[in-house]
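In: give me coordinates for this.
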Amino acid sequence: MSLEGKVAAITGGTAGIGRGIAEAYLAEGATVALMARNPQKGAATIQQLGAPDRSVFISGDAMVQSDVEGFIDSTVEKFGKLDILVNNAGGAGDLQPAIDLSDQTFDETMKWNVYSTFWASRRALKVMLPNKWGRIINISSTEGKIGKPVFTAYTAAKHAVNGMTKSMAQEVGADGITVNAICPGLVITDIVKDNGPATAQAMGMSFDEMVTLFSQESALKRPNTVEEVAALAVLLASELGGGITGGTLSVDGGTAPY
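Out: Alright, predicted model coming up:
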């Protein structure tokens, strides 16, 4: 599953699942460009990754179209091509019952998850199509398959990502480009540790109770790990993953086994 010689662009690449995928890609020989909003954290991440000749950080906000498209353009300018795009940026934002959900919150959730994925993918395809090879991997969620109370906007966004994945895969498959979505369940990243208590509160429980609930919903009865998600991202990016496209592939311990 070597990715030697491949160039990957990863949005939201300085923490959590995005960073885990960057580490796995580097270990397989790829070159990576990472986008996130915090320049200081970006610079520190590149230093910590320990591959300064095969990694670069480009500051940008996934909710801003010019930043997202500029990230793709800058990656190509820096490394001469783009083989793999991982649309990892996104999140749930403010969680509220639908009756209390503002238009602004709903719109921001769509921009963060759906529009950012669309903007990056559209720009990347213009680079990949002439080369007749490419991999687009969208980080979706279990909420792209099932619903939960107070997750209305996020669930709608991730369902949209999954639908976009399926249609786009049909459009570009004959051109050597695969498009897949990975749907993680609960993964205890630093972001989840920071934002999880507010999420749990919106659900009417403590953080520990939320972790227990999500774990018990799965067949494995535990959260998944960043490494488990990254392993699938490596397969999908590789030559061996070339027969997989249009998939919404779960890494959720069996919570949504389809």
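
In: near residue 176, how many other residues are there?
Out: Around residue 176 there are 14 other residues, counting by other C-beta atoms under 10 Å. To be clear about C-beta, it is placed using only N, CA and C from the backbone, and glycine gets the same treatment.

In: which secondary structure element of this structure has the lowest mean pLDDT?
Out: helix 190-202 (a mean of 89; mean pLDDT, DSSP states H and E).

In: that helix packs against which elements?
Out: helix 16-27, helix 207-216 (3 or more C-beta pairs under 8 Å, 6 or more residues apart in numbering; DSSP states H and E).

In: winner for burial among those helices?
Out: Among the helices and strands packed on helix 190-202, ranked by average contacts under mean count of other C-beta atoms under 10 Å, first place goes to helix 16-27 (a mean of 23).

In: ok now that one, how far from the chain's centre?
Out: Centre-to-centre, helix 16-27 and its host chain are 11 Å apart (C-alpha atoms, centre = their mean, to the nearest Å).

In: and the next element down the chain from it?
Out: Helices and strands here follow DSSP states H and E; after helix 16-27, the next one along the chain is strand 31-36.

In: follow-up on the earlier one: the inter-axis angle of the least confident helix or strand of the chain versus helix 16-27?
Out: Helix 190-202 and helix 16-27 are oriented at 160 degrees to each other (axes from the mean of the first three to the mean of the last three C-alpha atoms, to 10 degrees).

In: tell me the SS of the residue lying farthest from the centre of the chain?
Out: Here the chain reaches farthest from its C-alpha mean at residue 99, the gap being 28.3 Å by C-alpha atoms, centre = their mean. Under the three-state scheme (DSSP: H, G, I helix; E, B strand; the rest coil), residue 99 adopts helix.

In: could you do residue 122 as well?
Out: Under the three-state scheme (three-state DSSP), residue 122 adopts helix.

In: relative to residue 80, how far out is it?
Out: 20 Å (C-beta to C-beta, to the nearest Å).

In: poorly predicted segments of the stretch 51-200 of the chain, please.
Out: Counting by pLDDT under 70, not a single residue of the stretch 51-200 of the chain qualifies.

In: residue ranges of the strands in it, please?
Out: Applying DSSP state E, counting those that start in this stretch to the stretch 51-200 of the chain gives strands spanning 55-59, 84-87, 134-139, 177-184.

In: could I get the ones you listed as a markdown table with distance to residue 249?
Out: Shown next, in a markdown table, are these (distance: least, C-beta to C-beta, whole Å):
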| stretch | distance to residue 249 |
| --- | --- |
| strand 55-59 | 26 |
| strand 84-87 | 14 |
| strand 134-139 | 10 |
| strand 177-184 | 6 |
